[in-house]
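Asker: I would like the atomic coordinates for the input below:
(2 chains)
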Amino acid sequence: MTDPLALDPVLPPRQRSERPWNEEDLSHDERFAHFEAHVTAGGKIEATDWMPDEYRSAVLRFVEMHANSELMGVLPEREWIMRAPTLRRKLALTAKVQDEVGHAQLLYRVAEDLGKPRESMLDDLIAGRTKFHNVFHYPTRSWGDIGIIAWLVDAAAIVAQQALRDSSYGPYARTMQKICWEESVHIMHGRDVVVTLMTGSASQRELVQEALNRWWGPLMQMHGPRGDREKDRDLHWRIKAKTSEELRQEFLTIYVPRLWELGLTIPDPDLRQDESTGTWSYTEPSWDELRSVVTGHGPKSQERLEFRRLNREETRWVRDTILSLRAVAA
Amino acid sequence: MAPRRAAAPAPPRPGLEPYEVFQQAKDGDPMRHGGNVLAPDRELAVHYARELFGRRNESTRLWVVRRADIAVLEDPDLLDPPLDRSFKKPGGYVLRDKLAAARARAGTEKPAARAAGHDRTGGRRPKATS
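Answerer: Numbering: from 1, shown residues only, chains lettered A, B, ... in the order given. The predicted structure follows:
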């Protein structure tokens, strides 16, 4: 007797990885609908996929802003490499600056594959046509700032970046895995700087408190104003996974207790956590300041952009040499 | 169907082209795709890959490949045909009820200790006779 069970498929059929939006004989609307259904259901998109302009430009804008922030973000820290208090701190800070420039390189590659040449991205950055994160428009006044930046600015960034490891755009999501891994080292370095200062003299502790007082406002603004989840196109396309307010709440939940643990005072008398819901309330951050700063009116915006422009001019001969060598060889 | 070449977007700058980078974390590990770099030639692509993917002892080996040299096959009709392939996988064989029936027929008990087998069912090995 034949066992009917032996003939039945016992594993459920696997979902085939059909990519119908790549079918050139479908109409644009049909391809768009297939694409949107795939992405909103959690599917991934690769650089070689067809994609609607709306998606391509949204991913490009997001990644370009991120790349700009990595590139500009090294400038405040770079100012302290020569002033680092010990050789080990100097090595760590140099490595961090190198990492962040490396992140910019990786991210500009992701953006380039979406169709915008790197030269245009650098032109736009230097001309102020594209933005970078608000926190990199401020001066660094003391070694305490270096601890606060490496610990808390990187922590606020990694809260956002961890959520980006699930981005619908595959090349970006994979790049974020590498970046998050490196950022976790930066956070440990920053926390070590802060904790070391907090175990030191009264004036060292004051240095950290004074830096925290200046950085708290920009940190609270960093993720941006609360937005409407339904209207956010980046959420719709799953380029990012969380709203500004979700990221800020997550940041507060992890880092406020760690700041209190060190005996630091957070300069916001209205900061408190609702014990039943876990939600933090806080003084409304200055969104006017955020808008003004990211549009190039921060205390260091123009100086740092000018540094980038000068740096690009000074290194132009390297790029020209490499490209002309290639032309000779061809 | 001939494998198609990677559909690369237009090169961003004349004279430069993308190279894909694969990295091996430690000896014996598989080569995993790490990312890509833009370079004018293979030699500079390797230097660039070293800076971005081998800076902190995270790789014992890098493979740097011109993207245009990668042949891509992603046709689901070839790779993922809509047929039941469960007979090719260990999970495609469900023995529990049949084993119980076989034991009932043979009048034996389920072995107490699970000896290590290679078929993921536990199974019983003949005892060595002394």
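
Asker: tell me the centre residue of chain B?
Answerer: Taking C-alpha atoms, centre = their mean, the centroid of chain B lies closest to residue B:30, which sits 8.3 Å from it.

Asker: Apart from its neighbours in sequence, what residue is nearest it?
Answerer: residue B:24 (7.2 Å; C-beta to C-beta, 6 or more residues apart in numbering or on different chains). Every C-beta, even on glycine, is put in place using the N, C-alpha and C of the backbone.

Asker: Contact partners for the one you found?
Answerer: B:30-32, B:59-62 (C-beta atoms under 8 Å, 6 or more residues apart in numbering or on different chains).

Asker: still on that earlier bit, in three-state terms, label the residue nearest to the centre of chain B for me.
Answerer: coil (DSSP: H, G, I helix; E, B strand; the rest coil).

Asker: got the residues of the stretch 151-300 of chain A near chain B?
Answerer: Proximity of the stretch 151-300 of chain A to chain B, by C-beta under 8 Å from any C-beta of the partner chain, involves residues A:171, A:174-175, A:178, A:182.

Asker: Sort out which of the residues you listed are in helices and list them.
Answerer: Taking DSSP state H as the definition of helices, those contribute A:171, A:174-175, A:178, A:182.

Asker: before we move on, the earlier item: okay, the residues of the stretch 151-300 of chain A next to chain B in TSV with neighbour count and pLDDT next?
Answerer: Output for these, formatted as TSV (neighbours: other C-beta atoms under 10 Å in any protein chain shown; pLDDT from 0 to 100):
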residue	neighbour count	pLDDT
A:171	24	95
A:174	19	94
A:175	25	94
A:178	19	90
A:182	18	90
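
Asker: Put together CSV for these, with distance to residue B:88 on each row.
Answerer: Shown next, in CSV, are those (distance: C-beta to C-beta, whole Å):
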residue, distance to residue B:88
A:171, 32
A:174, 29
A:175, 34
A:178, 34
A:182, 40
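
Asker: just these now: which is nearest residue A:143?
Answerer: Proximity of these to residue A:143 (C-beta to C-beta) peaks at residue A:182, which lies at 22.3 Å.

Asker: my guess is that closest one contacts residue A:95, does it?
Answerer: No. Between residue A:182 and residue A:95 there is no contact under C-beta atoms under 8 Å: 9.4 Å.

Asker: any residues in contact with both of those two?
Answerer: Residues touching both residue A:182 and residue A:95 by C-beta under 8 Å, 6+ apart: residue B:56.

Asker: ok, the closest residue to residue A:236 other than its chain neighbours to chain B distance?
Answerer: Nearest non-adjacent residue to residue A:236, counting by C-beta to C-beta, 6+ apart: residue A:40, 7.1 Å away. Separation of residue A:40 from chain B (C-beta to the nearest C-beta, to the nearest Å) stands at 21 Å.

Asker: In contact with residue A:40: list those residues for me.
Answerer: Contacts for residue A:40 (C-beta under 8 Å, 6+ apart) come out as A:236-238.

Asker: Between the contacts of residue B:24, which sits nearest residue B:83?
Answerer: residue B:30 (28.0 Å).

Asker: Residue ranges of each domain in chain B, please.
Answerer: Domain assignment for chain B, taken from automatic domain parsing, gives B:15-72, B:76-124.

Asker: Of the ones you listed, flag the one that's most buried.
Answerer: A comparison of the domains of chain B by mean neighbour count, using mean count of other C-beta atoms under 10 Å in any protein chain shown, puts domain B:15-72 on top with a mean of 16.

Asker: Who wins on neighbours among the contacts of residue A:40?
Answerer: residue A:237 (23 neighbours; other C-beta atoms under 10 Å in any protein chain shown).

Asker: Residue B:110 versus that one, what's the distance?
Answerer: To residue B:110, residue A:237 is 54 Å away according to C-beta to C-beta, to the nearest Å.

Asker: can you check residue A:46 too?
Answerer: 49 Å.

Asker: residue ranges for the strands of chain B, please.
Answerer: B:4-5, B:17-24, B:32-39, B:61-66, B:71-72 (DSSP state E).

Asker: Contact partners for residue A:139?
Answerer: Each residue near residue A:139 by C-beta under 8 Å, 6+ apart is listed here: A:76, A:299-300.

Asker: And it, its phi and psi?
Answerer: Phi and psi for residue A:139, reported as degrees, to the nearest 10, are phi -80, psi 160.

Asker: And the pLDDT at it?
Answerer: On the pLDDT scale, residue A:139 is placed at 97.

Asker: how close does it get to chain B?
Answerer: Going from residue A:139 to chain B by C-beta to the nearest C-beta gives 29 Å.

Asker: go on, residue A:289?
Answerer: In this view, residue A:289 and chain B are 35 Å apart by C-beta to the nearest C-beta.

Asker: doesn't that residue fall inside a helix?
Answerer: Yes. Looking at residue A:289 with three-state DSSP, it is inside a helix.

Asker: could you list every residue that touches the spatially closest residue to residue A:140 that is not a sequence neighbour?
Answerer: Of all residues not flanking residue A:140 in the chain, residue A:76 sits nearest, at 4.6 Å (C-beta to C-beta, 6+ apart). Neighbouring residues of residue A:76 by C-beta under 8 Å, 6+ apart: A:136, A:138-140, A:145, A:149, A:300, A:304.

Asker: 10 Å - rerun?
Answerer: By C-beta atoms under 10 Å, 6 or more residues apart in numbering or on different chains, the contact set of residue A:76 is A:135-140, A:145-146, A:149, A:153, A:300, A:304.

Asker: and the nearest residue to residue A:233 once chain neighbours are set aside, how many residues sit next to it?
Answerer: Of all residues not flanking residue A:233 in the chain, residue A:58 sits nearest, at 5.8 Å (C-beta to C-beta, 6+ apart). Around residue A:58 there are 18 other residues, counting by other C-beta under 10 Å.

Asker: What strand or helix carries residue A:58?
Answerer: Using DSSP states H and E, residue A:58 maps to helix A:53-78.
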